[in-house]
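Undergrad: here's my sequence, what's the structure:
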Amino acid sequence: MSVILEGERFNPIRRTIKRNNIFLVTDEEGNVVSGTMSGYGLYLGDTRFLSKFELHLNDTYPVMLSSSTETGHSSIVISTNLKIPDNINPENFIPQETIQIKRESTICGAYFETLTIANYNLFETGIKLDLFFESDFLDIFEVRNIKAMSHEHKKTATISRDSLKFQYTDVTGAFQLAEIVFTSEEPQVIREDKVTYEFILPPASKKEIKFQINLRSTALLSEKTPATDFEEAFTMNTDETKKWYKTITKFHADNEDFWEMIYRSQKDINMLITRAIYGEYLSAGIPWFTTLFGRDSIIAARQALLLTPKLAKNVLETLAKFQGWKEDPWREEEPGKILHEIRFGELARSNKVPHTPYYGTLDATPLWIILLYDYFKWTNDRDTLEMLWPNALSCLQWMDTYPLYNGFASYIKKSEGGLDNQAWKDSWDSYMHANGSLAEPPISPVEVQGYFYSAKLKLAGLASYMGEIELANRILSDIGEFKKKFHDAFWMDDLGYYALALDKYGNQLKVITSNPGHLLETGILSPEYEERIAKRLLRYDMFSGWGIRTISYDSFTYNPMSYHNGSIWPHDNSLIAFGLSKIGASESVLKISSAMFDAARLMHYKRLPELFCGFTRYYQRQDPPVSYPVACIPQAWATASIFLLIQSMLNMEPDAQNSKLRILNPQLPEWLNVLEMRDLKVGSASVNIEFRKARTGLVIDVFDKRGKLDIIIRK
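TA: Numbers count the residues shown, from 1 in each chain. I've put the predicted structure just below:
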């Protein structure tokens, strides 16, 4: 679900840093500007603890020279001065570009910042630094303009010689605290909204000012704060990141842009990993979805199996802890169901929203089974399979009991505070007929039928591994009948394509969309229809040049600037590419992968966003892709898309149970000559593999194999 934009003040440029449960969103200059719809702020537990955090130099805004959040956990902003009056002798002016302001910040259980002011003049200068602070303690749903509390947020401020504290007690009695502590020296002035330092800076000298911001809530466990200042916190974060890098697959490519894109995605996945008291998971996206999701976390973990199977294990286990066990219409909970989203802010704690957790998703449950199967094929982790087997059977029980309408997986909103649409395209207008009229629920989305089919097929495989042959045979018998029923109900003879969905009356939503592309890997399609879907997805009205649109350019409801009705989603494209690789459409895989690469290399940090606009690419004009204003950046399943695209281009199939890795007709795009993977893990073995173009074709070198693993290559 997107963000509602109202009012006049909005800046689409956001810089984010995150470590564990705390994250900061600023503008390019490192400021948290208040009164905007941009989501700027310092957050913990779905609450914005700081809503304003700005720096002024001698009553002016500094001029930004550079801004970087390259590491993911820290930020550095370098600025300089305009021609400004000297703070001690206002009749004298400080020449422009002679004062440097360096802001270095990081998060490690708290927010740490070191301000360094350097005077490059040959005379002393009078400096005044003002730091402006506000705290609104808004719930993230209020920041998103989706839901508001009915009462005024009554906050208090406490001032001491070296600190400024903002306090708020919410309607549930939970106490919230944002404590700004100035650790290097005390400011000259501390007010409720401003802190001031005044000093004389000798020629060719520097001055450091250090402070930290502690966030506390009695509704949450306190974050551990092992560091004492920026330098120590930065070192801790760097050391922890290095340890994580030792556990993952390493990549090298001869195309520098592509290698940077991979490296950026590795950093962002590490940034989005969150360790909570209830488990470790991948946050869905910053700033709007920085929490545990069902669908998003599952898909991202599945995309990243090539990088690190451990992430999938953690996501599976964490979601299993919240698996539904009772019927609760307000939260749309049902026994066996996997959650959609969990929140910890004031609106959730006061039961104003049902996200404690909220279960309004049709696809997270079958996707959980699919992830469990794929994780097992990569790892042969029998212990985890046996531990989660009861959860898998509960998923199957839910799939066979609750969501079926006219024999198909369907949803209808049960909760007043829930989502109207409960598949991955969950905007209010995602499911429309060709004339633009909204479909009446229960709605049966086309791709979810494939998820159900694939989940049962893979669960039958897992049942065989578990020795439950009777269960496996029963499942296979059931899905055989479902396959034909699905085709008859969803296939549009007049359009030669599958319908977006069925409505309450069994009427097809006769719209050409990307959704049927998700069916290609599921096994629910016969070869003839796999080929027809594959070709249709790459026609001009669906493929923009930057990727496959969510809906056809020719559709009445097409809007390239919408959230789901004409935009381009990297994760959507990666799932389609993966399906195309399974049916042998390698050229189409390369076309999609190249489009994603071309888009990413023109974006900040070569980072794919949650989505971008679906405007047609004009190659001769060399226009860049058009950004979507409130896209999450980084976002988990966009970030992880690159790894599934790599797996799709190389068509790698793990079979850890038999100590095999199959590589079937691998291809590299024209812009890539060498791709190397090191420490790729299959089961208990690991291996280094290099793919290299030569005159005779693609050469594949396997070296430094550790453990038992047969590499089977077919070209």
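
Undergrad: going by C-alpha atoms from here, please, whenever you check contacts or count neighbours.
TA: OK.

Undergrad: for the longest helix along the chain, packing partners?
TA: The single longest helix within the chain, with elements called by DSSP state H, is helix 469-490. In terms of contacts (3 or more Cα pairs under 8 Å, 6 or more residues apart in numbering; DSSP states H and E), helix 469-490 is packed against helix 446-465.

Undergrad: could you dump the helix it packs on to PDB, C-alpha only?
TA: Only the C-alpha atoms of helix 446-465 are listed here, as PDB (Å, rounded to 0.1, in the frame of the first residue of the first chain):
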ATOM      1  CA  VAL A 446      -4.300 -15.300 -11.100                       C
ATOM      2  CA  GLU A 447      -0.700 -15.500  -9.700                       C
ATOM      3  CA  VAL A 448      -1.900 -16.800  -6.300                       C
ATOM      4  CA  GLN A 449      -3.500 -19.800  -7.900                       C
ATOM      5  CA  GLY A 450       0.000 -20.600  -9.200                       C
ATOM      6  CA  TYR A 451       1.500 -20.100  -5.700                       C
ATOM      7  CA  PHE A 452      -1.000 -22.500  -4.200                       C
ATOM      8  CA  TYR A 453      -0.300 -25.100  -6.900                       C
ATOM      9  CA  SER A 454       3.500 -24.700  -6.500                       C
ATOM     10  CA  ALA A 455       3.300 -24.800  -2.700                       C
ATOM     11  CA  LYS A 456       1.400 -28.000  -2.800                       C
ATOM     12  CA  LEU A 457       3.700 -29.500  -5.400                       C
ATOM     13  CA  LYS A 458       6.700 -28.600  -3.300                       C
ATOM     14  CA  LEU A 459       5.000 -29.700  -0.100                       C
ATOM     15  CA  ALA A 460       4.500 -33.100  -1.700                       C
ATOM     16  CA  GLY A 461       8.200 -33.200  -2.300                       C
ATOM     17  CA  LEU A 462       9.000 -32.300   1.200                       C
ATOM     18  CA  ALA A 463       6.500 -35.000   2.500                       C
ATOM     19  CA  SER A 464       8.400 -37.600   0.500                       C
ATOM     20  CA  TYR A 465      11.600 -36.500   2.200                       C
END
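
Undergrad: the longest helix of the chain to helix 446-465, inter-axis angle?
TA: Interaxial angle of helix 469-490 relative to helix 446-465 (axes from the mean of the first three to the mean of the last three Cα atoms, to 10 degrees): 170 degrees.

Undergrad: and the strands in the stretch 251-400 of the chain?
TA: 273-276, 279-282 (DSSP state E, counting those that start in this stretch).

Undergrad: so which of these is the most packed in?
TA: Greatest average neighbour count among these goes to strand 279-282 (a mean of 22), per mean count of other Cα atoms under 10 Å.

Undergrad: just the C-alphas of that strand, formatted as CSV.
TA: Only the C-alpha atoms of strand 279-282 are listed here, as CSV (Å, rounded to 0.1, in the frame of the first residue of the first chain):
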residue,chain,number,x,y,z
GLY,A,279,13.8,-13.4,15.7
GLU,A,280,15.9,-12.2,12.9
TYR,A,281,14.3,-11.1,9.6
LEU,A,282,14.7,-8.8,6.6
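
Undergrad: give me the sheet partners of the next helix-or-strand element following the longest helix of the chain and which way each runs.
TA: Once the chain leaves helix 469-490, the next helix or strand it forms, by DSSP states H and E, is strand 491-492. Here strand 491-492 has these sheet partners by DSSP bridges: strand 497-498 (antiparallel).

Undergrad: show residues contacting the strand it pairs with.
TA: 446, 490-492, 512, 516, 532-533, 536 (Cα atoms under 8 Å, 6 or more residues apart in numbering).

Undergrad: filter the residues you listed down to the buried ones.
TA: Buried residues within those, defined by neighbour count using 16 or more other Cα atoms under 10 Å: 446, 490-492, 512, 516, 533, 536.

Undergrad: quick one: mean pLDDT over stretch 185-201.
TA: Computed over stretch 185-201, the mean pLDDT rounds to 96.

Undergrad: swap in stretch 530-542?
TA: Looking at stretch 530-542 alone, the average pLDDT works out to 98.

Undergrad: who's in contact with it?
TA: Contacts of stretch 530-542 (Cα under 8 Å, 6+ apart): 496-497, 513-514, 516-517, 520, 543, 548-554, 580, 583, 585, 588.

Undergrad: weed out the non-buried ones from these.
TA: For those, a neighbour count by 16+ other Cα under 10 Å gives the buried set as 497, 513-514, 516-517, 520, 543, 548-553, 580, 585, 588.

Undergrad: in strands, which of these appear?
TA: residue 497 (DSSP state E).

Undergrad: what is the nearest of the buried ones among the contacts of stretch 530-542 to residue 222?
TA: Distance to residue 222, by Cα to Cα, is smallest for residue 550 among the buried ones among the contacts of stretch 530-542, at 41.6 Å.

Undergrad: now do the closest one against residue 571, distance only.
TA: 11 Å (Cα to Cα, to the nearest Å).

Undergrad: can you list the domains in this structure?
TA: With domains defined by automatic domain parsing, the chain comprises 15-239, 247-660.

Undergrad: could you measure from the residue nearest to residue 71 when sequence neighbours are not counted over to residue 104?
TA: Among residues not flanking residue 71 along the chain, residue 267 sits closest, at 7.0 Å (Cα to Cα, 6 or more residues apart in numbering). Applying Cα to Cα, the value for residue 267 to residue 104 is 19 Å.

Undergrad: one more: residue 403?
TA: Looking at residue 403 against residue 104, where the rule is Cα to Cα, the gap reads 51 Å.

Undergrad: neighbour-wise, which of these two wins?
TA: For residue 403 versus residue 104, neighbours defined as other Cα atoms under 10 Å are more numerous around residue 104 (21 against 18).

Undergrad: OK, contacts around that one?
TA: 74-77, 113-115, 230.

Undergrad: specify the local secondary structure of residue 212.
TA: Three-state call for residue 212 (DSSP: H, G, I helix; E, B strand; the rest coil): strand.
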